[in-house]
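J.: Can you look at this prediction? I've put the sequence above it.
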Amino acid sequence: MSNELLLVMGIWNALLVVASIVVVFIAGIKIVTSSSWYKKRFAQSQNEWVNLTRRVFDPLKRKLFSDLEQHLRSMEGDVLEIGIGPGSNFDYYPQGTSLIAVDSNPHVEESLKRNLEKAGRKIYLKKFVAASAEDMSCKGEIGVEDNSVAAVVCAKLLCNLSDLQMRKTIAEVKRVLMPGGRFYFLEHVAAKPWTCQYFLQHLVTKLRIWPSLYDGCCCNQNTLSYIHNGGFKWVQSEKIQANCSQEMFSAPNSIYSIWRARVILYFVNIWLVGLAEKGQLSEEKKKL
Ligand SMILES: C[S@@+](CC[C@H](N)C(=O)[O-])C[C@H]1O[C@@H](n2cnc3c(N)ncnc32)[C@H](O)[C@@H]1O
């Protein structure tokens, strides 16, 4: 056999070995991340992440929720938070909020209840529904009814969803909102096209590295177009870059956790902050 042929076969075999290692690695991560152990661990780590990044997200959340109190005064009704996790938005809810919580991971309920206790009488949990946001009707069980809530809050959830799930979730948001009800969203989205950040976001998402590490999260989502196509009466939004400088992370955190957070936030640093309103039923009928 000629030397050239041996070289080509050697390279081919090396490529096969590398490809097999990558496939086994990704399959291993998939098995681990779909286990109940991981879901429990992920639910706990979300609380740590919320505490670590509280100051980073505070200005964005203040902006997002600036009119929530007034809206709930003008339209009495429940607030539904989808993909609620441990409940990181309670500081921004008005006194006396009646809350319906939805999350597909039932293990978040424990940390959610702990944070509700801390919030005291400010928030009343009407029910916790362990369901996917893309179908909250729960097929006849106690789900969320049509035209029943005054506001839907969604923070850092849509990034986890596939194209179809995203469209179904937005349709569900519209289904459960009362006419005139509002959808409050805070989601990380793709960076400006053709920047280094944009390229890296696409690379780690397309190679399934980011989604495998972070519960299906995709850091290159174009969320706004789905919301615009959701059939709301109006949509208002802006893209804001979060301030991730070192002083935004509070003191008791280790240097390692701060730098890890800063690396993660390099990939998810552009935030879509906005509001959408569901039209009155007469307007909805006109559209049909
Ligand atoms: C990144 S965490 C954000 C938690 C919280 N909203 C916050 O701002 O801290 C995403 C949450 O969405 C939940 N989740 C993921 N996919 C979901 C789905 N299809 N339906 C409902 N919840 C989902 C996860 O279990 C997790 O609690």
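T.: It's in.
J.: where's residue 115, which helix or strand?
T.: Under the criterion of DSSP states H and E, residue 115 resides in helix 108-119.
J.: Give me the residues contacting that helix.
T.: Helix 108-119 has contacts (C-beta atoms under 8 Å, 6 or more residues apart in numbering) with 43-44, 46-47, 84-88, 90, 93, 101, 103, 123, 125, 128, 130. (C-beta placed from N, C-alpha, C; glycine too.)
J.: buried set for the strand of greatest length in the chain?
T.: Longest strand in the chain, counting residues (DSSP state E): strand 177-188. By 16 or more other C-beta atoms under 10 Å, the buried positions in strand 177-188 come out as 177-178, 180-188.
J.: Whichever helix or strand comes after it packs against which elements?
T.: Counting by DSSP H and E, the next helix or strand C-terminal to strand 177-188 is helix 196-206. Other helices and strands packing on helix 196-206, by 3 or more C-beta pairs under 8 Å, 6 or more residues apart in numbering; DSSP states H and E, are helix 209-213, helix 255-267.
J.: so what's the residue lying closest to residue 240 once chain neighbours are set aside bridging to?
T.: Nearest residue to residue 240, sequence neighbours excluded (C-beta to C-beta, 6 or more residues apart in numbering): residue 271, at 5.1 Å. Beta-bridge partners for residue 271, by DSSP bridges, are residue 188, residue 240.
J.: Show the pLDDT at residue 271.
T.: According to the prediction, residue 271 has pLDDT 97.
J.: quick one: contacts for it?
T.: 60, 186-189, 239-242.
J.: Likewise for residue 266?
T.: 197, 244.
J.: ok, residue 135 to the ligand distance?
T.: 9 Å (C-beta to the nearest ligand atom, to the nearest Å).
J.: burial measure for that residue, as a count.
T.: 15 (other C-beta atoms under 10 Å).
J.: And what about it, helix, strand or coil?
T.: The three-state label given to residue 135 by DSSP: H, G, I helix; E, B strand; the rest coil is coil.
J.: still on that earlier bit, please narrow the contacts of helix 108-119 to those residing in helices.
T.: Among these, DSSP state H puts 43-44, 46-47 in helices.
J.: which residues of the stretch 51-200 of the chain score low on pLDDT?
T.: 139-141 (pLDDT under 70).
J.: For it, what lies in contact range of the ligand?
T.: Within the stretch 51-200 of the chain, the positions near the ligand by C-beta under 6 Å from any ligand atom are 82-85, 88, 102-105, 108, 132-134, 155-157, 160-161, 165.
J.: Weed out the non-buried ones from those.
T.: So, by 16+ other C-beta under 10 Å, the buried ones in those are 82-85, 88, 102-105, 108, 132-134, 155-157, 160-161, 165.
J.: Now intersect these with the strands, please.
T.: 82, 102, 155.
J.: Residue 23: which element?
T.: helix 3-33.
J.: just how off-centre is that helix within its chain?
T.: 33 Å (C-alpha atoms, centre = their mean, to the nearest Å).
J.: Show me what counts as buried in that helix.
T.: For helix 3-33, by 16+ other C-beta under 10 Å, it's 29, 33.
J.: Can you name every helix or strand that it contacts?
T.: Looks like helix 3-33 contacts helix 209-213 (3+ C-beta pairs under 8 Å, 6+ apart).
J.: The helix it packs on and the ligand, are they touching?
T.: No - Helix 209-213 lies out of reach of the ligand by C-beta under 6 Å from any ligand atom, never closer than 11.5 Å.
J.: Need the contact partners of that helix.
T.: Residues from elsewhere that reach helix 209-213 (C-beta under 8 Å, 6+ apart): 26, 29-30, 33, 201, 204-205, 217-219, 267.
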